[in-house]
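Asker: Sequence and predicted structure, then a few things I'm wondering about:
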Amino acid sequence: MEKAASGQYHQRDGLSNSSQALIPLSQLYNPPSPHKIHPGANQVIEQVQQWLYPHLEQLGAEKLIKGIIDETASACAYLYPNADDEGIFLVTGFLTVQFINDDMFDSATIRKAIRATPSGQCLARDVQKLRDTPQRLADGICCETMSDLETDLFLLGAVYELSTHFGKSHALIYTEPKDMTFEEYADYRVRNSGLIYSVLFVEMVTGNFLSDEQKAIPQISQMQQHCERLGSLLNEIFSYEKETFLKSANNPVAVLMREEGIGLYEAARRVAAMAQRHAEEITRIKVEIDIEYGDGNDKDAGLRSYVGDMELFGAANWFWQLEGTKRYSSKTSPFVELRLVNGDSEIEAEEGAR
């Protein structure tokens, strides 16, 4: 039996009813592979902090920015466990800038929340004046990377273009769904999310660039698309709380609840089931590549390594959300009753202790 307080929480948020037994959130999705964490994660966080703070001091939100840096560096450590030192530093710096841009500038919901807190009111007054901050930060990234890493200039130009365009498209994910099926809306969200950029970075962070011939293999583009959609869908589940603390939320989980009249847990289950189908396709494609190009030919070693990194990418999105962020462990999380305790839910652990 559930505790009374837990039952009240479920009645309020629609997680379950009296006839439905709780299932740990971890059982909603089975990753396509085990996961790894980059061994230099802590060092990368420190390096990015030292590098970006001079550019970010003007924002006057050191605590918020530190949290974004910590979380983004954590994400990169999960997403790119085999990255080389230069690659993990560059991708962490780039994505940190983008998430600062996203959380502080592109989301009307976040801006309203900032204005609602005394500590955020001063920052909110300067938001419009700082609209060009992402581009200036991108300038800083390019200059610093050129001097510190001596990276290829073509790559720097590509990163700069990504940086200046990312925020504009990412803002579109907050648009209200109109005249779209749920599947179409989920696809719309991923096409304007950061997952597309995150997948593109897999080659760069390892220095393992595919040849034009390898990129033309149909399974490669298919695997990339499945990784993009898988990561986006899993992120929707864990972003539910962040995007719905105001009533104007259009998180796909909330859209399902609203339009189909179902509870939070059922909506999360359905979104996770969509992600699971993409995970199964990732595994299937990796098996195909291993069979077709697994004859030990050195020419295809980079391809096999890339496919392995992509499979890890499919698992990393899940484990990072569970372990590397506070989204699941927060006391205010809608999934608080489903939190992990040594692989089991807290409720199961408490019941077993009685």
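Answerer: Arrived safely, thanks for sending. Predicted model, so just to flag it, every value in this text is computed and none were measured. Numbers count the residues shown, from 1 in each chain.
Asker: Identify the residues contacting Q222.
Answerer: Listed by CB atoms under 8 Å, 6 or more residues apart in numbering, the contact set of Q222 reads E281, I285. All C-beta spots, glycine's among them, are computed from the backbone N, C-alpha and C.
Asker: Distance check, it against F209.
Answerer: Q222 sits 19 Å away from F209, taking CB to CB, to the nearest Å as the criterion.
Asker: which SS state does N250 fall under?
Answerer: Reducing the assignment to helix, strand or coil with DSSP: H, G, I helix; E, B strand; the rest coil, the entry for N250 is coil.
Asker: confidence score at it?
Answerer: Among the per-residue scores, N250 shows a pLDDT of 79.
Asker: Begin at 147, not 1, for the rest of this chat.
Answerer: Got it, first residue is 147 now, which makes that one N396.
Asker: For D231, grab the count of nearby residues.
Answerer: 13 (other CB atoms under 10 Å).
Asker: For Q193, see how far away it is.
Answerer: Counting by CB to CB, the gap from D231 to Q193 is 9 Å.
Asker: and the helix or strand where C373 lies, what's its mean pLDDT?
Answerer: According to DSSP states H and E, C373 maps onto helix 364-384. Across helix 364-384, the average pLDDT comes to 90.
Asker: go on, stretch 327-336?
Answerer: Averaging pLDDT residue by residue across stretch 327-336 gives 78.
Asker: Keeping just the C-alphas, turn it into PDB.
Answerer: These are the backbone C-alpha positions of stretch 327-336, laid out as PDB (Å, rounded to 0.1, in the frame of the first residue of the first chain):
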ATOM      1  CA  THR A 327      -0.900  15.200 -34.600                       C
ATOM      2  CA  PHE A 328       1.000  14.400 -31.500                       C
ATOM      3  CA  GLU A 329       3.600  12.500 -33.600                       C
ATOM      4  CA  GLU A 330       4.000  15.600 -35.900                       C
ATOM      5  CA  TYR A 331       4.400  17.900 -32.900                       C
ATOM      6  CA  ALA A 332       7.100  15.600 -31.300                       C
ATOM      7  CA  ASP A 333       8.900  15.700 -34.700                       C
ATOM      8  CA  TYR A 334       8.600  19.400 -34.800                       C
ATOM      9  CA  ARG A 335      10.100  19.700 -31.400                       C
ATOM     10  CA  VAL A 336      13.200  17.600 -32.200                       C
END
